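Enquirer: Provide a 3D model corresponding to the input given below.
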Amino acid sequence: MALSPMDVTRVAAVDTARAARMLSEVRTARLSGGRAPVAPRPVIEQSWDRLLRSGVDPEHDVRSGLLAPEEVRRRRETSELRHVLPVLREALVSVADVAHHIMVVADEDGRVLWREGSARVLRRADGLGFELGADWREEVVGTNGLGTPAVTRRPVQVFASEHFVRSQATWTCAGAPITDPRNGRLLGVVDVSGPLETVHPATLAWVDSVAKLAQARLRERHTQSLERLRAVAAPVLARLQGRALVTDRDGWTAAVTGMPYVERVVLPRSPEAGVRWLPGFGACTVEPLAEGWLVRSAAGPVPQGAVRIVLDLAQPRRWSVRVLGGAEDWTRELSPRHAELLYLLAVHRGGRSAAGLAEDLFGDPARTVTVRAEMSRVRRYLGAHLEHRPYRFCEDAEVEVLLPPDPRDLLPHSAAPTVTEARASAGAARWRDDAMTRPNGTAEAAEAAR
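Expert: Numbers count the residues shown, from 1 in each chain. The predicted model follows:
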């Protein structure tokens, strides 16, 4: 009887050689178009599909040029990951060394910036091109513990021939993404890797917990920076009349006066001093203050006009929403969850209840608390163009969705049933070709996506 993917994981923990042989057969059959004796795990199969479409050669590794030492040093000095490196070292390196593993940290571009751990394993990693400055994006070197978590935005363990490129089949790795708590942007991936025989079923959970610990440290640093900005802002706001607030450079509020507290303000992508139109506030004067911005409500009417909303899902790992027209254009980068929600609202122009969105996202209409919390966050920056009961874009807004060239690359991190159905559907390609501009569509847009 054929084993399920979960069974293969268990076999690897007790009989590494048998699991490696089985996965080699799976890989050979899958790449040749034959029938595999065991189904690949979904996260691995989806990665292989992406790589087959992109033309990566599974039999020959391709190594792009290493970054110069000066460029590695520059990236280290500017990466936010430098602030959590002590956390990663303390939690991973000592154990990894004893277990004959190495810890590897790559930036958002997949470039290896730090490697530490067993000296013997580091030498073996050199033979795979797993070196400082190397490019380990999935689309360059195939399925791996650095590049694949960056695409899927979730922890991934890759064992033996689950690696797409044959030369990496003697290796095992487990990686988890680290994101910026201020804006959800991917900062990089932390990975623990080693020779095949060092595989352990608990490694992935271990690495994931350490990545979450690193993100908690980043949130703590952000809170401390807001407290410093608040100390500077307090005497300034005390002298002002009317509505005003001070935010950091990402729009997180440090202090307010004359108005209710709001957690975050949507600032222009590149703020400049002067009169600006801000969503939810209208015309405001914006001035630099310490490490942030002083925002004051400006007198006078706010110009109105037709609004066009562009949801850009075409770029890998860089999703955004742009509002054009009205008073002023602005763009915001989206977290993976917000990209999913806005995609669903674009599909269902007639609107979705909290239960409907929960079913679309999780396959469980009872998970409304999570949906309402996330939609509350979305409305903080897009509220002027959203309605609720049900949740939907305003009827007079023109909504355009930019999809990737291949519908199978739509939000690859997402396991939402509606998204996975769209990825598998040829109808998604028709929707892309139609430009998805349906300002007053209802069932028509939903049907086009099916």
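
Enquirer: now do the contacts for the closest residue to Ala169 other than its chain neighbours.
Expert: In space, not counting the residues next to it along the chain, Ala169 is nearest to Ser161; the distance is 4.6 Å by C-beta to C-beta, 6 or more residues apart in numbering. C-betas here are computed from N, CA, C, even on glycine. Contacts for Ser161 (C-beta atoms under 8 Å, 6 or more residues apart in numbering) come out as Ala20, Leu23, Ser24, Val26, Arg27, Ala169.

Enquirer: any buried residues in the helix or strand hosting the fifth one, and which?
Expert: Right, Arg27. Taking DSSP states H and E as the criterion, Arg27 maps to helix 16-32. Within helix 16-32, the residues that count as buried by 16 or more other C-beta atoms under 10 Å are Thr16, Ala19, Ala20, Met22, Leu23, Val26, Arg27, Arg30, Leu31.

Enquirer: which secondary structure elements does that helix sit against?
Expert: If you count contacts as 3 or more C-beta pairs under 8 Å, 6 or more residues apart in numbering; DSSP states H and E, helix 16-32 packs onto helix 5-14, helix 42-54, strand 156-159.

Enquirer: direction included, what does the helix or strand following the shortest one pair up with?
Expert: This means strand 156-159. Remark: after strand 156-159, the chain's next helix or strand is strand 171-179, criterion DSSP H and E. Strand pairing for strand 171-179, using DSSP bridges, gives strand 156-159 (antiparallel), strand 186-195 (antiparallel).

Enquirer: list the buried residues in whichever helix or strand comes after the longest one.
Expert: Remark: after strand 186-195, the chain's next helix or strand is helix 203-238, criterion DSSP H and E. Using 16+ other C-beta under 10 Å as the test for burial, helix 203-238 gives 203-204, 206-208, 210-211, 214-215, 217-218, 222, 225-226, 229-230, 233, 236-237.

Enquirer: before we move on, what about stretch 195-202?
Expert: Neighbour-count burial for stretch 195-202 [16+ other C-beta under 10 Å]: Pro195, Leu196, Thr198, Val199, His200.

Enquirer: what sits against the first one?
Expert: Looking back up the chat, that one is Pro195. His100, Val121, Arg124, Thr170, Trp171, Thr172.

Enquirer: separate out the buried members of those residues.
Expert: Buried among these (16+ other C-beta under 10 Å): Val121, Arg124, Thr170, Trp171, Thr172.

Enquirer: is it possible to get a markdown table of these that adds pLDDT and distance to Asp248?
Expert: Listed next are the buried ones among the contacts of Pro195 as a markdown table, based on pLDDT from 0 to 100; distance: C-beta to C-beta, whole Å:
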| residue | pLDDT | distance to Asp248 |
| --- | --- | --- |
| Val121 | 92 | 41 |
| Arg124 | 92 | 44 |
| Thr170 | 92 | 46 |
| Trp171 | 93 | 41 |
| Thr172 | 93 | 41 |
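
Enquirer: Arg153: which of the residues you listed is nearest?
Expert: Thr172 (21.4 Å; C-beta to C-beta).

Enquirer: test my guess that the closest one contacts Val156.
Expert: No. Between Thr172 and Val156 no contact is recorded; they are 11.9 Å apart, counting by C-beta atoms under 8 Å.

Enquirer: follow-up on the earlier one: is it possible to export the strands paired with strand 171-179 to TSV including mean pLDDT and distance to Leu85?
Expert: Converted to TSV, those look like this (pLDDT from 0 to 100; distance: least, C-beta to C-beta, whole Å):
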stretch	mean pLDDT	distance to Leu85
strand 156-159	94	22
strand 186-195	95	10
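
Enquirer: between these, which one is closest to Ala298.
Expert: Comparing the strands paired with strand 171-179 by C-beta to C-beta, strand 186-195 comes nearest, at 35.3 Å.

Enquirer: excluding sequence neighbours, find me the nearest residue to Asp57.
Expert: Val165 (7.7 Å).

Enquirer: lovely, talk soon.
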